[in-house]
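1. what follows is a protein structure lacking sequence information:
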């Protein structure tokens, strides 16, 4: 039987007492700064109100102003002792047999707000954003599409987590519309000028991302076996991609305008402590990684993931793919350790994307590029079909771990495509 809260939590809820993911909210339609919160059932618990009431009384959080900030950056910088203390305190005051909040009507109403009455904001100020390329199935499929079946995966891929520096300024919260980007693409005819206009191959990418906690000093790498101490938690992520723009520009320096126009993340950060029961064996790595990437504990998390598309004229969204976080070849701790091996300094709130998470089956491919084989096939979406995204399509990513008598979920990561600007 799962933990019991005095707050009603539906059986199918993503946010039981075992989870308590962190986010930032403000009252709906209020022009005020955001406030840190955790999710419990269909409510947000205002952590600034909890702190103001003196309920955080442990050695790390007593007297701290980390929950009076408009982002979670200060809190995530405090490290695992503070994270564990907050989680323990919150589980205690929200439990069914603890009266301090349950029986104080005024304080309970001040602290607990229905999710329907709040607006979720970006939970962290993203100083830097890196996107990796860590699913072997996605890598292989892309290699076959663009380079053919002979050498779809470059030899270096098996030796290091490939990544590139993304654009932090265009990281947006779930529910934000995505304007179809404009740019150059391959010339439509031989010896003609490049195509210029709205992207004709707009795509989603099923990803997750790690939120960096304490950073590291410039010049000082993070040991792979200590990397988890620098990861606060995970969010869902859609790294929207304009495949035609990307294909024209990516040689020789990699993605640029085909990726930098929008990256959507979910509002709730699920902590590694909440995900611990769902740790699972990571894929065997051959060749064996170099010593700085060799982990004593080599594991992923069993997080089922799903993507649905809801076209403008459809009442219901249609599921187009199902994958799992455990398909990642390179783990999030290896990604972080590799990022810092050259001395690069990470900072609290930095975002590390996993890259598209595809599985081995056709129905587990993590983007339309793969699902339609770069537009050579059509994909059924309810009563419609797609090769790439059309205007007013809404993309919905969900992720939820299934425990015994409870879920550890991430909510949703959504975005709707709107027409290109004139």
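-> Okay, I see it. Source: prediction; values computed, not measured.

2. contacts only, for residue 51.
-> 61, 64, 65, 67, 68 (C-beta atoms under 8 Å, 6 or more residues apart in numbering). All C-beta atoms are positioned from the backbone trio N, CA, C, and that covers glycine.

3. burial measure for the last one, as a count.
-> It stands for residue 68. 14 (other C-beta atoms under 10 Å).

4. where are the low-confidence patches of the protein?
-> Along the chain, the parts satisfying pLDDT under 70 run over 1.

5. would you mark the buried spots in the top strand by length along the chain?
-> With secondary structure taken from DSSP state E, the chain has its longest strand at strand 407-418. Under the neighbour-count criterion of 16 or more other C-beta atoms under 10 Å, strand 407-418 has 407, 408, 409, 410, 411, 412, 413, 414, 415, 416, 417 buried.

6. centre of the chain to it, how far?
-> Averaging C-alpha positions (C-alpha atoms, centre = their mean, to the nearest Å) puts strand 407-418 9 Å from its chain's average.

7. which neighbours does that strand have in its sheet, and in what orientation?
-> Strand pairing for strand 407-418, using DSSP bridges, gives strand 178-179 (parallel), strand 394-402 (antiparallel).

8. hey, which of those is tucked in deepest?
-> Neighbour counts (mean count of other C-beta atoms under 10 Å) averaged over each of the strands paired with strand 407-418 peak at strand 394-402, with a mean of 22.

9. show me where the stretch 51-200 of the chain has helices.
-> Secondary structure of the stretch 51-200 of the chain (DSSP state H, counting those that start in this stretch): helices at 73-77, 80-93, 99-102, 105-111, 136-147.

10. tell me the most buried of those helices?
-> Of all the helices of the stretch 51-200 of the chain, helix 73-77 has the most neighbours on average by mean count of other C-beta under 10 Å, namely a mean of 21.

11. outside of it, which residues touch it?
-> 22, 36, 65-67, 69, 82-83, 86, 124-125, 211-215, 232, 348-349.

12. run the chain-centre distance for it.
-> Put simply, helix 73-77 sits 18 Å off its chain's centre (C-alpha atoms, centre = their mean).

13. please apply the same query to stretch 352-363.
-> 13 Å.

14. and that stretch, how far apart are its ends?
-> Stretch 352-363 stretches 26 Å from its first residue to its last (C-alpha to C-alpha, to the nearest Å).

15. what do you get for stretch 251-271?
-> So stretch 251-271: terminal residues 37 Å apart, C-alpha to C-alpha.

16. quick one: buried residues of it?
-> Result for stretch 251-271 [16+ other C-beta under 10 Å]: buried residues 255, 257-271.

17. before we move on, what about stretch 62-74?
-> 64, 66, 67, 69, 70, 71, 72, 73, 74.

18. and residue 373, how far from residue 141?
-> 8 Å (C-beta to C-beta, to the nearest Å).

19. quick one, helices of the stretch 251-400 of the chain?
-> Going by DSSP H, counting those that start in this stretch, the stretch 251-400 of the chain shows helices at 272-275, 332-340, 368-371.

20. re the thing from before, reformat the helices of the stretch 51-200 of the chain as a markdown table; add distance to residue 158.
-> What follows is the helices of the stretch 51-200 of the chain, written out as a markdown table (distance: least, C-beta to C-beta, whole Å):
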| stretch | distance to residue 158 |
| --- | --- |
| helix 73-77 | 32 |
| helix 80-93 | 31 |
| helix 99-102 | 51 |
| helix 105-111 | 50 |
| helix 136-147 | 9 |
